[in-house]
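**Q** Quick one: sequence plus predicted model below, questions after.
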Amino acid sequence: MSPRKPGYVVPETLAEASEFLREHAEDARIIAGGTDVLVQLRRRGRAGGEHPRWLVDISRIPGLAGVSTDSGTISIGAMTTHEEIARSPIIRKGGPLLAEACASVGSPQIRARGTIGGNIMNASPAADTIAALAVLSTRVRLSDRMGTRDILITDVFVGPYKTSAQPGEVLMEVYFDALAPTCGSAFVKLGRREALAIARLSCAVVIERDDAGRVTRAAIAPGACLPMPARVESAEEMLVGKVPDEAAVDAAAREVAEEMVRRTGVRWSTDYKRPAVEAITRRAIWRALGVNVE
Amino acid sequence: MKEIGPGAMTTISFKVNGGLVEVEVSADDRLIDVLREGLRLTGTKEGCGVGECGACTVLLDGKPVNSCLVPALQVEGREVETVEGLAKDGRLHPLQEAFIEHTAVQCGFCTPGMLMSAAALLRENPDPTREDIARAISGNLCRCTGYHQIMAAIEDAARRIRAAVPETSEAEGAAGTPEARRE
Amino acid sequence: MEIERYDTGEHDPREEFGVVHRAAKRVDGVEKVTGKARFAADLYFDGMLHARVLRAKFPHARILRIDASEAQNAPGVVAVITHEDVPGAKTFGPVRRDMPVLAFDKTRYLGDGVAMIVATTLEAAEQALELVRVDYEELPAVFSPEEAIAEGAPVLHEDAPGNIVNHHKVRKGDMEAGFAASDVVIEREYRTQFIEHAYIEPEAAVAVPNPGEGSVTVYGSIQNPFTARRVVAEVLGVSLNKVRIVQCTMGGSFGGKDDVMSCMCARAALAALKTGRPVKMVNTREESIVEGYKRHPYMLKYRVGATKDGKLQAMEIRILADGGAYASMTPFVTWRSVVQATGPYEIPNVNTDVHGVYTNNTYTGAMRGFGSPQIIFAHESLMDELAAELGMDPLDLRLKNGFRPGSVTATGQTLDDHAVSLVEVMQKAADAIGYREKRKAYNEAARRAGSKKVRGVGIAASYRGVSLGGEGVDATGAIVSVQQDGSVYVYAGLAENGQGLRTIFSQIAAEELGCHLEDVVFMDTDTSLIPDGGPTVASRSTTMGGNAVRDAARKVREMLLSVAGEMLGTSCEALRAAGGRVFVAGRPERSVSFADVARAAYSRGELMAAFGWYKGPKVWWDEESGQGRAYFTYVYGCQAAEVEVDTETGRVKVLKVAAAHDVGRAINPATVEGQIYGGVAMGMGYGLLEEVEMARGVTRTQNFDEYLIATSMDVPEVMPIVVENPDPYGPYGAKTIGEPTCELLAPAIANAVCNATGRRIRELPLDLEKVLLGRSLKAARGRRGSEQA
Ligand SMILES: Cc1cc2nc3c(=O)[nH]c(=O)nc-3n(C[C@H](O)[C@H](O)[C@H](O)COP(=O)(O)OP(=O)(O)OC[C@H]3O[C@@H](n4cnc5c(N)ncnc54)[C@H](O)[C@@H]3O)c2cc1C
Ligand code: FES
Ligand code: FES
């Protein structure tokens, strides 16, 4: 066990949590499902690093878990687990790629405990839900003692494992517009094995087309390869207004790979990632278009 | 608001295998520590401590979880099931029987966790496909068996349970409604 | 082709058995499924203390000073132990005594223990570790065998100049003539990686001081209790009978709980004697991976010559094995490599050199396979490469050169006293996977441009010497003891490692005695009860231990039959024992129950227990010429794999595996199948997923988030094909199955990937990057919480 024992508080309301976090902003750590926090505490303990003085357990605050829908907007409480999201009929209908992303997380045990709030706020570049949330143009609601603020999911991140949230801010929920039935979407993940696999790469895509088959809206976000999760607009633009054919899809996929290299610079892994990102993106686009090319 | 100061201990109570227990814990005790060290329920094993091997799998309110990643304090008032609770009234659970008969046990270190993942599956899905089974135990590493005999055992146990239980009472232990916001 | 079946005379002529040769439930099944089985970490004693080890800070450094005074006074700390507290030998080792129980002069890898804290709680011990001050003088280090043997390289052990652990060779025929007679000569280099046993139970031991000076009992997850006993006694400086080792239920071993456990037992015993209290030690997974020995990485250079029509003429082999910081089993592991390095092929001219080399990496030692997976990856890749060069089918090339009855091996041994079933296993595996049709079809499909997922098939074959071979003492014992109610105890000197030996030995005892399997209880190995039976290694358990159990059981049976003869009024020659009864042959109604015979024997004061002993048949080895009868018998195996390669991501999926293994006789077919499934999963990991990455002596893959083993969703469909050609030496003709199953799949996959893509990969594992790019890209694999560590 870790050498320094932290304290532990279990707020019963968001207000209590906010109040405590305000007082201990710098040395408190929120804990939800704990699947990231406990691993990190163990690693830090072993490396002799600093421990937070307080763990703030938000799991007993009512109203933070569950999926609901209201006039076309789907909201998911921060404490909702991957398993609940993967099974939710609302999500499977209005954001099926997010259900796919959650179903691809870790193992049944991890999905039963890990929450969407934790997945976002841990801010790992390889977090599986983030790319999916990005293409759904998700907004997140953060709350502190002063009130709440809503920001775009992609504005949450300022670097690997770093968020723009203020110390003490709690993620309450995320929400996005349900995809229209005419929308295609896909989440494709490449791991080294079939389960318990950290994403080597992933890609999330949403595509909307008109009756003529022309793309009216495209959203593409690669995962696990950008310094900060983001959509690649330059690639999206290459599809909009077109009836997508092989050339257009190839071009968009290549653009995602090029953009990755522009953002990350050439690294040890670029030789691998450039072609692989292109392939994964291409597959995700085709799947969003209803074509299985694998 | 419950508050346990740094370094302090507190008493929590929860149900283990149907019985209520009270234990002293501190903030960095994990559920597995409480089970093994506190309650001497050593059937639950620790293989990695980071959620990867599944040897520590127990059911928390019916769901399989890695007890090495659950802070003990989160278990207060909840219900835990471990491998020690599978056999009832001196009779092995059908899964336990099937594991023995199908040679699904070699060294046996992964077995308790494997059984708990399988038990969770069968409560929710009494007639799983091979794929369902593979997925249900995909968080439980086994180095000895290569999994095939384990999957065969689970399939067989499902068959036995279905044969023993009349259709109507199968709802017991079915999944909660994920849509409902937790109160 | 028909394979000749040998009538060996020795083995039991009955084809009908009562208990062996059929599926039997594991005798330890119930404890294990109820959570009652006691693993070492599950033991608690009154007043028990906990100990933790401070590890080396540098992979190679001189220790100038250890100051434990502050730690000594920390809360909860009962004792701090360093090398100065070792009363006996400071070093140990199975071949060379080069490994310190606690480092004293130098550290040679990061897993070395420098000091130990013994405290009332684990936490107190852990916290006090930070208070031990160690002054080091960092030394230049070597991290690969090539570096280690270079001129002027830093030396790890004074008595091993040039960092050479050992050198084995094989010399046969005339190399010049062999290559001159060849129409085609190719030269290739292969590499294999460090891999981890990855037993799910980390190492654990509890030492309990006994009343009386210097006496201790150690309970642990110990593969070889007798080795552990010797090490503990030597370190404590006491005689062997002062140390009792009790083997707990083992959560897997695969060769990995030997030296590392001897060391842990010795440390725990030191702590128990120093404090006078029971002391528990349990490694975390991270410690287990950092400290525990690995499978050796090999660098292999092969040069092979053949005639146009594919007859092998000459093979030259140069191998460097990374032994890491300590010799451990390297001399034995590399010996098996040198014997089997050509693969199961007749080659008139062979010249092989294998060097084991010290480096400042984690040391390497015994792991399931024991020096074979590396060479099989090389020679089986080579056979496919040579076939391509010759324009031949790889299977045909193997059939043309493969061992047959009467073949002579590279070490000059004529294979004439057991069934040489290589051709049989190759054909069975190839047929089961549909090798010939698919090989052709996939080649053509691959040539068709545009397909992103391509399929391929490949095979690999091997022969494997059973038991210790020409370099070890090969004998083991067992006790069979019948109780007055007809129940039976079996004790054996070879230990259950999780592979099912308890069940197999119990089956053998029941078969010989004629009692029910349920009446047999197999006792955990306890070194105070049974003589030293040598190690549970080298595919020797079933053959050696099984024969010893059989010997003991037969002796008891003789006594029981003579008692039964008197009871039934007939001569004991006319009697048979089976199914819990003793009866007159051909007249089963004239019978008495086994329990009644036992009762009668007891009341007559008969000796109801017997000691059995088995000494392996003679083998010999000449170090100079590298020739000899290396092993007394061999097993043959072949695995065929069908794979699908994603040509855009490098992801390889193994779809199907056919695994044909000659086991002599399957004492328990369900166990044999279990060994095949498990071995195939491990072989797949070796081929595709597993690698302990070492960066300048630092283990980067420290837990199961980075060290990836196959999950239930990764394992392929497996077709186990159990071939039975009873062996003259094994009990009921049984040989071995555990090790061969894990040594073949990696090359079969590499060959299948080449069939699918045309790309030959000569370095394991075939990860995404290598398959896509044809070369290795190394960096951290992405661990959870990676920013924090
Ligand atoms: C074995 C294993 C496998 C895994 N596999 C995957 C995988 O395949 N894909 C994947 O994406 N992830 C994976 N993870 C990572 C992890 O499970 C997920 O990120 C999970 O969603 C985290 O949720 P949690 O509730 O457990 O978070 P916690 O560990 O409780 O918290 C994570 C971080 O978020 C903060 N936090 C949590 N909730 C809030 C909130 N409401 N407001 C503000 N801050 C908050 C915490 O302070 C902490 O910094 C895996 C982890 C493990 C151990
Ligand atoms: S010990 Fe909990 S998952 Fe391995
Ligand atoms: S039986 Fe040994 S790990 Fe599964």
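**A** All right, it came through fine. Everything numeric in this text was worked out from a predicted model, so none of it was measured. Ligands and ions are numbered 1, 2, ... in the order given.
**Q** okay, CA-based contacts and neighbour counts for the rest of this
**A** Noted.
**Q** And the least confident helix or strand in chain A by mean pLDDT, what's buried?
**A** Least confident helix or strand, chain A: helix A:37-47 with a mean of 81, by mean pLDDT, DSSP states H and E. For helix A:37-47, burial by neighbour count (16 or more other C-alpha atoms under 10 Å in any protein chain shown) applies to A:37, A:38, A:39, A:40, A:41, A:42, A:43, A:44, A:45.
**Q** What does the residue of chain C positioned farthest from its centre show for phi and psi?
**A** Relative to the mean C-alpha coordinate of chain C, counting by C-alpha atoms, centre = their mean, the farthest residue is residue C:569 (50.3 Å). Main-chain torsions, residue C:569, degrees, to the nearest 10: phi 70, psi 40.
**Q** Return the per-residue confidence for it.
**A** At residue C:569, the pLDDT value in this model is 89.
**Q** what does chain B put close to ligand 2?
**A** B:46-56, B:66-68 (C-alpha under 6 Å from any ligand atom).
**Q** which of these has the most neighbours?
**A** residue B:54 (37 neighbours; other C-alpha atoms under 10 Å in any protein chain shown).
**Q** burial count for the residue nearest to it when sequence neighbours are not counted?
**A** Spatial nearest neighbour of residue B:54, excluding adjacent residues (C-alpha to C-alpha, 6 or more residues apart in numbering or on different chains): residue B:140 at 4.2 Å. Number of residues near residue B:140 (other C-alpha under 10 Å) recorded here: 32.
**Q** so residue B:140 touches residue B:110, yeah?
**A** Yes - using C-alpha atoms under 8 Å, residue B:140 is in contact with residue B:110, at 7.1 Å.
**Q** Give me the common contacts of those two.
**A** Between them, residue B:140 and residue B:110 share these contacting residues under C-alpha atoms under 8 Å, 6 or more residues apart in numbering or on different chains: B:54, B:55.
**Q** Pop the domain breakdown of chain C in here.
**A** Domain ranges of chain C: C:1-37+C:428-469+C:629-789, C:40-140+C:197-291, C:475-615, per automatic domain parsing.
**Q** Wait, residue C:714 touches residue A:193, no?
**A** Yes - Residue C:714 is within contact range of residue A:193, at 6.6 Å (criterion: C-alpha under 8 Å).
**Q** Give me the most central residue, chain C.
**A** residue C:368 (2.6 Å).
**Q** residues contacting the residue lying closest to that one once chain neighbours are set aside?
**A** Nearest residue to residue C:368, sequence neighbours excluded (C-alpha to C-alpha, 6+ apart): residue C:254, at 5.0 Å. The contact partners of residue C:254, taken as C-alpha under 8 Å, 6+ apart, are C:197, C:199, C:367, C:368, C:497.
**Q** Using a markdown table, please lay out these together with pLDDT and secondary structure.
**A** Putting the contacts of residue C:254 into a markdown table (pLDDT from 0 to 100; DSSP: H, G, I helix; E, B strand; the rest coil) gives the following:
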| residue | pLDDT | secondary structure |
| --- | --- | --- |
| C:197 | 98 | coil |
| C:199 | 98 | coil |
| C:367 | 95 | coil |
| C:368 | 93 | coil |
| C:497 | 64 | coil |
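**Q** ok, these vs chain A, which is closest?
**A** residue C:199 (17.7 Å; C-alpha to the nearest C-alpha).
**Q** Please name the bridge partners of the residue in chain A positioned nearest to chain B.
**A** At 3.6 Å from chain B, residue A:7 is the closest residue in chain A, using C-alpha to the nearest C-alpha. Residue A:7 forms beta bridges with residue A:54, as assigned by DSSP bridges.
**Q** Quick check: it vs residue B:7, distance?
**A** 6 Å (C-alpha to C-alpha, to the nearest Å).
**Q** Name the residues contacting each of the two.
**A** Common neighbours of residue A:7 and residue B:7 (C-alpha under 8 Å, 6+ apart) are residue B:27.
**Q** ok, the two, which is more surrounded?
**A** Between residue A:7 and residue B:7, counting by other C-alpha under 10 Å, residue A:7 is the more crowded of the two (21 against 14).
**Q** Just list the residues touching that one, thanks.
**A** A:53, A:54, A:55, B:3, B:4, B:5, B:6, B:7, B:8, B:27.
**Q** Mark which of those are buried, thanks.
**A** Among these, the ones that count as buried (16+ other C-alpha under 10 Å) are A:53, A:54, A:55, B:3, B:4, B:5, B:6, B:27.
**Q** who's in contact with the closest residue to ligand 2 within the stretch 601-750 of chain C?
**A** Closest contact between the stretch 601-750 of chain C and ligand 2, by C-alpha to the nearest ligand atom, is at residue C:704 (8.3 Å). By C-alpha under 8 Å, 6+ apart, the contact set of residue C:704 is B:48, B:52, B:53.
**Q** what ranges do the helices span in chain B?
**A** Along chain B, counting by DSSP state H, helices occupy B:31-33, B:94-101, B:111-124, B:130-136, B:148-164.
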